[in-house]
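>>> Have a look; sequence and predicted model below, questions after that.
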Amino acid sequence: MSEVVAEHRTSAPETVRCAVVTVSDTRTRETDTGGQLLYDLLVQARFQVPARELIPDEPARMRPLLENFRDDPQIDAVLMTGGTGLTSRDQTFETVSSLITKALPGYGELFRLLSYQEIGPAAMLSRAVGGLMERTVVLTMPGSPAAVRLAMERMIVPELRHLVREARR
């Protein structure tokens with residue numbers, strides 16, 4: 001790790017408040033294994049999770065929820081699972097992209113690279129996207145527990161505090 005990155009991580013906020021959003025037309029709180037894993041990994045890494053939602057893959061429901069989180073001073077980051085594929089119902093990418101004011105193209109690129117190392121060319125089907133909605137970090141990932149674990153352990157947990165530090169500047 002470079003000295004600059006280490007310095008930025010050192011000055012990153014200790015407290016980061018996250019909203020967890022599962023996008024699914026079929027899951028319930030009891031069957032939402034990806035969302036539960038996302039929540040558990042955040043708590044284990046000492047992030048606060050003041051909000052957790054499960055919503056259908058409908059832009060009319062997703063957009064106002066994300067706008068509320070964006071405007072809530074108690075939310076630093078929104079982490080979403082589900083709705084990132086190619087089916088006609090998968091609209092997370094389009095909805096989130098329309099709200100992003102600063103894109104983080106490296107997030108999706110790195111997710112697909114790491115995913116490719118695990119599952120091969122099927123990784124190209126993921127439309128994971130990330131960026132800022134004004135000063136709120138938003139990161140999406142597929143709904144499978146394996147994809148959630150990959151994104152969280154290899155990318156999000158190590159860098160989320162740093163991302164929030166930069167978003168606040």
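Structure received.

>>> When you work out contacts or count neighbours from here on, use the C-alpha atoms and nothing else.
OK.

>>> Let me see the ranges of the strands in this protein.
Using DSSP state E, the strands assigned to the chain run over residues 17-23, 48-55, 77-81, 102-103, 130-133, 136-141.

>>> Output the lowest mean pLDDT helix or strand found in the chain.
Every helix and strand of the chain was ranked by mean pLDDT, DSSP states H and E. The lowest is helix 3-10, at a mean of 72.

>>> one step back: okay, the strands of the chain in TSV with mean pLDDT and mean neighbour count next?
Output for the strands of the chain, formatted as TSV (pLDDT from 0 to 100; neighbours: other C-alpha atoms under 10 Å):
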stretch	mean pLDDT	mean neighbour count
strand 17-23	98	24
strand 48-55	98	16
strand 77-81	98	26
strand 102-103	98	16
strand 130-133	98	24
strand 136-141	98	26
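
>>> and residue 115, which of those is closest to it?
Nearest of the strands of the chain to residue 115, taken as C-alpha to C-alpha: strand 136-141 at 11.0 Å.

>>> Can you pull out the residues in contact with the closest one?
70, 75-82, 84, 107, 127-132, 147-148, 151, 163-164, 167 (C-alpha atoms under 8 Å, 6 or more residues apart in numbering).

>>> any idea how far it is from the chain center?
Averaging C-alpha positions (C-alpha atoms, centre = their mean, to the nearest Å) puts strand 136-141 4 Å from its chain's average.

>>> you'd agree residue 23 is up against residue 56?
Yes. Between residue 23 and residue 56 a contact is recorded at 5.5 Å, counting by C-alpha atoms under 8 Å.

>>> Which one of the strands of the chain lies nearest to residue 111?
strand 136-141 (8.4 Å).

>>> Could you tell me the angle between that closest one and strand 77-81?
On the basis of axes from the mean of the first three to the mean of the last three C-alpha atoms, to 10 degrees, strand 136-141 is oriented at 10 degrees to strand 77-81.

>>> ok, strand 136-141: who's next to it in the sheet?
strand 77-81 (parallel), strand 130-133 (antiparallel) (DSSP bridges).

>>> can I get those in JSON lines with distance to residue 3?
Listed next are the strands paired with strand 136-141 as JSON lines, based on distance: least, C-alpha to C-alpha, whole Å:
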{"stretch": "strand 77-81", "distance to residue 3": "25"}
{"stretch": "strand 130-133", "distance to residue 3": "24"}
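
>>> Which of these sits closest to residue 34?
strand 77-81 (6.9 Å).

>>> which other residues reach that closest one?
Applying C-alpha under 8 Å, 6+ apart, the contact partners of strand 77-81 are 16-23, 34-35, 66, 69, 136-143, 148, 164.

>>> So residue 77 versus residue 101, what's the distance?
Applying C-alpha to C-alpha, to the nearest Å, the value for residue 77 to residue 101 is 14 Å.
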